[in-house]
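K.L.:
coordinates only, no sequence provided:
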């Protein structure tokens, strides 16, 4: 029998990759978003998760075997992040028809589980790296914890299984996404090539020289499906990364080479992209018009603030995936290949020249 999936946040980086994989695997896929986009094989569902009644109405005929929660809304404070994002999870799980059979709900959060929220990101006393799932919650307010608590409460009430997935920075394709390092770096490199400005690493010395890892959206999608279909992975939280580690001092030069520019030597000075790209809106529109690009709005492609948060951290960030490996998830994705595949797709889709 065909299984039915509900992908929440289907227009985002993780949601679109997950929906694409599920369609390939023969699932009947419903893709929920505030403004659904056309996706091959995906039945669009329009809903604002902040509206409980409208969400319940949109979901009333969807009996999902699996639900993939891949979305959140950034707010101006962590208190507001908690209020809004926990309500979105609650409204979704309350609005779903009660399961007629087994159901699994997979929630995507991230490494802020270990690093803390944006207001205190990478500051204070932090767990030792590599981060492992058994490391407990930090003693700070964190909307990831609030989302988890809503998931656990609904699972206890309705009897479904769950999994929590904690990726590092995700590499993937989506337009209008708030957390999009890969496309941000592609746009930044394009602007540097256009203007002759130096391709300067924007972050900290710790990130430049320390070890790090990342998560390809396709890798995360396969991890979500694996946890859904693997009984031993039910009711567990997992880290999920590509499986390789690197230093930005190596990766930065590789990215520069792909775009045909030279990487500027890093001198230890933090130069945030949010400042470097602050005046580039009009220039990007000119490039887009001249090159026939499909998205002239720089703000829908680049998220400098989020890239700055990741690359500006004062500590190295390495993630342990032993828990998943022990349970049978063995897929590996070289991060360099993930970046290059994204850049090629951006070019093919006429998002960069």
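P.N.:
Done, it's in. Bear in mind that the values here come from a model prediction, so they are computed numbers and not experimental data.
K.L.:
check which helices and strands the worst-scoring helix or strand of the chain on mean pLDDT sits against.
P.N.:
Taking mean pLDDT, DSSP states H and E as the measure, helix 112-115 is the helix or strand of the chain with the lowest mean score, a mean of 91. Other helices and strands packing on helix 112-115, by 3 or more C-beta pairs under 8 Å, 6 or more residues apart in numbering; DSSP states H and E, are helix 143-158. To be clear about C-beta, it is placed using only N, CA and C from the backbone, and glycine gets the same treatment.
K.L.:
give the buried residues for the helix it packs on.
P.N.:
143-148, 150-151, 154-155 (16 or more other C-beta atoms under 10 Å).
K.L.:
can you name the next helix or strand after it?
P.N.:
As assigned by DSSP states H and E, the chain's next helix or strand after helix 143-158 is strand 161-167.
K.L.:
identify the residues contacting the next helix or strand after that following strand?
P.N.:
Proceeding N to C from strand 161-167, the next assigned helix or strand is strand 170-171, under DSSP H and E. Applying C-beta atoms under 8 Å, 6 or more residues apart in numbering, the contact partners of strand 170-171 are 13-14, 179, 181-182, 214-217, 220, 335, 338-339, 342.
K.L.:
strand 170-171 pairs with which strands, parallel or anti?
P.N.:
strand 215-216 (parallel) (DSSP bridges).
K.L.:
beyond the strand it pairs with, next helix or strand please.
P.N.:
Per DSSP H and E, the helix or strand that comes after strand 215-216 is helix 217-229.
K.L.:
by how many degrees do that next one and strand 161-167 diverge?
P.N.:
160 degrees (axes from the mean of the first three to the mean of the last three C-alpha atoms, to 10 degrees).
K.L.:
make 630 the first number, not 1, from now on.
P.N.:
New numbering, starting at 630: the last item is helix 846-858.
K.L.:
what lies in contact with helix 846-858?
P.N.:
For helix 846-858, the surrounding residues in contact (C-beta under 8 Å, 6+ apart) are 642-643, 645-647, 649-651, 654, 695, 697, 733, 735, 737, 792, 794, 796, 799-802, 862-863, 865, 867, 869-872, 953, 957-958, 960, 962, 967.
K.L.:
picking that back up, okay, the contacts of strand 799-800 in TSV with pLDDT and distance to residue 662 next?
P.N.:
Output for these, formatted as TSV (pLDDT from 0 to 100; distance: C-beta to C-beta, whole Å):
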residue	pLDDT	distance to residue 662
642	95	13
643	97	12
808	79	16
810	96	21
811	96	20
843	98	24
844	98	21
845	98	21
846	97	16
849	98	18
964	98	27
967	98	24
968	98	26
971	98	21
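K.L.:
in helices, which of these appear?
P.N.:
Residues of those located in helices (DSSP state H): 642-643, 810-811, 846, 849, 964, 967-968, 971.
K.L.:
next, the buried residues of stretch 783-799.
P.N.:
In stretch 783-799, counting by 16+ other C-beta under 10 Å, buried: 783-784, 789-799.
K.L.:
ditto for stretch 672-690
P.N.:
674, 676-678, 680-681, 684-685, 687-688.
K.L.:
stretch 801-815 now?
P.N.:
Applying 16+ other C-beta under 10 Å to stretch 801-815 flags 801-804, 806, 808-815 as buried.
K.L.:
same question, stretch 966-982
P.N.:
967-968, 970-972, 975, 980-981.
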